[in-house]
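Participant: Sequence unavailable; structure follows:
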């Protein structure tokens, strides 16, 4: 009979888990040794656990099924926690495998001993320490099933070294997954009545509702009944571009979200939460549902968003309605000194067919949705849990899930530095990822937030905490040091050429886009009052809102 | 009355917490804004939370008092967890401040909402979410007191944004710390009897017992009664070099530790645990105390190791004994093709007075203890909790605690990559740190471990998980990209010149030492049997043991 590790790998592969993003240590060596016995399992080494977990997240978003991770004890799990948090918030399936000391070793409280389960509970509702080699594969099959939900989640299987090396394992059959339920008839009927009742109505789409079939169904209701389509602020995966119904993403800044949502009387939630602000601010409400607006849940995260929307279409007799589809339209080729907006314009100008955009560009990315709206069909993956360091690792996973599709990862300079080690794995695996790093030499978003929270006394020490210019980070040297072909662009012309070259040449690329802060045109000191009096908007902010609110 | 953040900073500074290693987000903006109002607080920005926590650890090891961290919610804490684990295992005081959403915002389960306390419990026994601005400073004073122990620990104060921005805070007076207790008379008397009884006796020194006064007291007992002095395998801080009693560190490899400990009848523990293996291996004992050896606790981690040792001296009437002191002796200047051993030799040859060595060199560092034994007095900080990524961040903190002392950080290529962002903070703060990165293009220690755990089937896929050569990492470009002057050495001559230059020029430096694996002389495939039959040692391993066991 095989040892635990061999049988575990067989069980995972039988269940369709074919990729393992790893950063192993001694307690995982039997798992590593077993890799050669399971040809269906691809092992992707990372230099840091946050890359492994973020890659598993990105992989599952695109593959629609989980990858495994392989992490080293509680500390490895800690390093991977932020991106597991993003997966959790995005309802993304991940089979999170954490090696542990041999069962007999725990009582000695050796150097690496810590309480792994307590950390795991932060990101996983399904947590199990496998108690024996005999039980291991059943545990693994349950972990895969748990990860698939619905909704998707992070399932953490803790694997003691002796359970891994022990003999007498029994590979377990693949789990049978329950179907997602459709919204109940009474719910469909009630919401149909709301829609037919008229007034200002919007639908907020999230999760599975942002994929093509659901979008097309929602688009029919929207076209027939004048219902506005919104997307949640940070979608796990949204399909968009020419030929799909345009959907407007709720803004990150609560002040802008309030403008978007103002006046709606009904908000129909489809695999989405009622909108709340990202952070709380003194004296401001966290709940963004406007006064007088009623929220209605059509389909929860546990349910089947697509079928529920189709049932609603049916109930509303608009199966044959023509959804308004985004027409193909690209912005012109930008010229002159580079700005964040021109980077987004160049992306809109050049975006290839079926690209995957991983957007962690923070302030620099605010122009992206409008400037790529009419580009060819593409997917966008975003920062679902707000834990920075998601972008580059997500791109690793997306590129492994979809080797025939170009991946473009956008990251701020600050956010790129949390998991910059991802570049090395891109080079090692020769992934078709173009990394665009917006270098504005600051945590620009925190410059905005420092004002928004009404913090007084933004003196030199405070401001220095948001400054990344001393020293400036040279992303070209950094990318090259990790094996990724890297260039710098300071003009829009340079950027366009660099992007064309990157998209043409296989393997990973990095373009350092040297830009001023996207908010540099605003007087930051005045931001709170500006945002408080949206009637008298200065032109840059008005433009920003217009762009952001445009589909 | 000041807001919470202002009063918190005043309370911390009054309690002697003068440095905050930060990676803030929106929920910490009031803390950041308050920095300008507390001139005693130095804020050191990091690009990644693991750097902040590792720096706080290194700072406290050298300063003997805690620094604060400033982390962003549960995900920031996760990113910082590995180095907090190292601090916890090293009994190092850290005041770990984790910002949280405003209290009223929690129920909305916004993107960054997670259960912070559950993560904090992995590394902290003292965890508190401050419930009100009024109570905040008392909580902070208790956190400082808890962190100081004894023994030192990580105390985690969770700071909701509204508690930070709220008015009505009351700065709290500094906590009064309890004195460490001395070992009881009966314990002293019993251990004195053991010592006087003769036989083969060793003392295992850890924690506070590896500082000069304790070492001198232990050295007297050792000299008078022929007691052998061992140090725990990964000391938090050990003072050593010419003029101090030489102490032999227990080896990481259990097989070598068994050779060191063989035949001892009594092991006297002074602020140290009875030795256990780092990991468990199939069919091998985790407990390294030899058969027939009795362990005796002279002084626990809660107690005063120095006074307890002095009391033992007194009881044994050897206050006037002459401890054997390490004589000054440096190895010669190495020449020829660079190896890990020659790097350590060059360090021994050139080590400046009062240097701080931060050793996370893994396999490449096995030569360091013997080759620096007779160098001028220095401190060594090691990987107390086994969580890789400690070295460079620890060096940041040590350099800030001791700006007048040269810091030399040794890291493997694999370990350096976990928290490579530390280089940027070294450049930003112009710290006198010389980083030596051993580039052997592999997780060399795992090549050893793969054999030691008896994992079968080390085929191409398994071996590729331990290989860092595809692509090779260019640490010179990497260091320069983050603002640290960096050079590569491929010969011992180049290395010596680079080290001399680095030690002469202020600010941070990086030397990439291109070396073969320290274990490359061994046939790894044979390692398990080699280690199992220590009688027939091949020359490289015999040399290794000899060096390792030498003081």
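Facilitator: Received it, and whenever you're ready, just let me know what you need. Everything numeric here is computed off the predicted structure, so don't read it as measured data.
Participant: Poorly predicted segments of chain A, please.
Facilitator: Within chain A, the ranges that satisfy pLDDT under 70 run A:1, A:455-458, A:518-551.
Participant: tell me, what residue is most central in it?
Facilitator: Central residue of chain A (Cα atoms, centre = their mean): residue A:382, 3.6 Å from the mean position.
Participant: List the beta-bridge partners for it.
Facilitator: Counting by DSSP bridges, residue A:382 is bridged to residue A:359.
Participant: what's near enough to touch it?
Facilitator: Contacts for residue A:382 (Cβ atoms under 8 Å, 6 or more residues apart in numbering or on different chains) come out as A:234-236, A:238, A:359-360. The C-beta positions use only the backbone N, C-alpha and C, and glycine is treated the same way.
Participant: Can you give me the end-to-end span of stretch A:221-240?
Facilitator: Distance between the two ends of stretch A:221-240: 18 Å, counting by Cα to Cα, to the nearest Å.
Participant: For that stretch, buried residues please.
Facilitator: Residues of stretch A:221-240 classed as buried: A:221-225, A:227-240 (neighbour count, 16 or more other Cβ atoms under 10 Å in any protein chain shown).
Participant: What distance do you get for the residue nearest to the centre of chain A to residue A:306?
Facilitator: Distance, residue A:382 to residue A:306, by Cβ to Cβ, to the nearest Å: 20 Å.
Participant: and the nearest residue to residue A:505 once chain neighbours are set aside, what are its bridge partners?
Facilitator: Closest residue to residue A:505 apart from its sequence neighbours, by Cβ to Cβ, 6 or more residues apart in numbering or on different chains: residue A:485 at 7.5 Å. Counting by DSSP bridges, residue A:485 forms beta bridges with residue A:509.
Participant: quick one: the strands in the stretch 401-550 of chain A?
Facilitator: Assigned by DSSP state E, counting those that start in this stretch, the stretch 401-550 of chain A shows strands spanning A:407-412, A:433-439, A:485-489, A:509-514.
Participant: Taking their axis directions, the last one and strand A:433-439 sit at what angle?
Facilitator: Going by axes from the mean of the first three to the mean of the last three Cα atoms, to 10 degrees, strand A:509-514 is angled at 20 degrees with respect to strand A:433-439.
Participant: how far off strand A:407-412 does strand A:509-514 point, in degrees?
Facilitator: Using the same axes, to 10 degrees: strand A:509-514 against strand A:407-412 is 30 degrees.
Participant: just checking, what packs against strand A:509-514?
Facilitator: With contacts taken as 3 or more Cβ pairs under 8 Å, 6 or more residues apart in numbering or on different chains; DSSP states H and E, strand A:509-514 sits against strand A:433-439, helix A:475-481, strand A:485-489, helix A:492-504.
Participant: Could you export the strands of the stretch 401-550 of chain A to a markdown table, including columns for mean neighbour count?
Facilitator: Shown next, in a markdown table, are these (neighbours: other Cβ atoms under 10 Å in any protein chain shown):
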| stretch | mean neighbour count |
| --- | --- |
| strand A:407-412 | 30 |
| strand A:433-439 | 28 |
| strand A:485-489 | 21 |
| strand A:509-514 | 26 |
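Participant: could those strands be laid out in TSV, adding distance to residue B:393?
Facilitator: Below are the strands of the stretch 401-550 of chain A laid out as TSV (distance: least, Cβ to Cβ, whole Å):
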stretch	distance to residue B:393
strand A:407-412	22
strand A:433-439	23
strand A:485-489	26
strand A:509-514	25
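Participant: Please list all residues in contact with the residue nearest to residue A:505.
Facilitator: Taking Cβ under 8 Å, 6+ apart as the contact definition, residue A:485 lies against A:479, A:502, A:505, A:507-510.
Participant: Residue A:134 versus that one, what's the distance?
Facilitator: According to Cβ to Cβ, residue A:485 stands 49 Å off from residue A:134.
Participant: quick one, what contacts residue A:498?
Facilitator: A:487, A:489, A:509, A:511.
Participant: Report the buried members of the contacts of residue A:485.
Facilitator: A:479, A:502, A:507-510.
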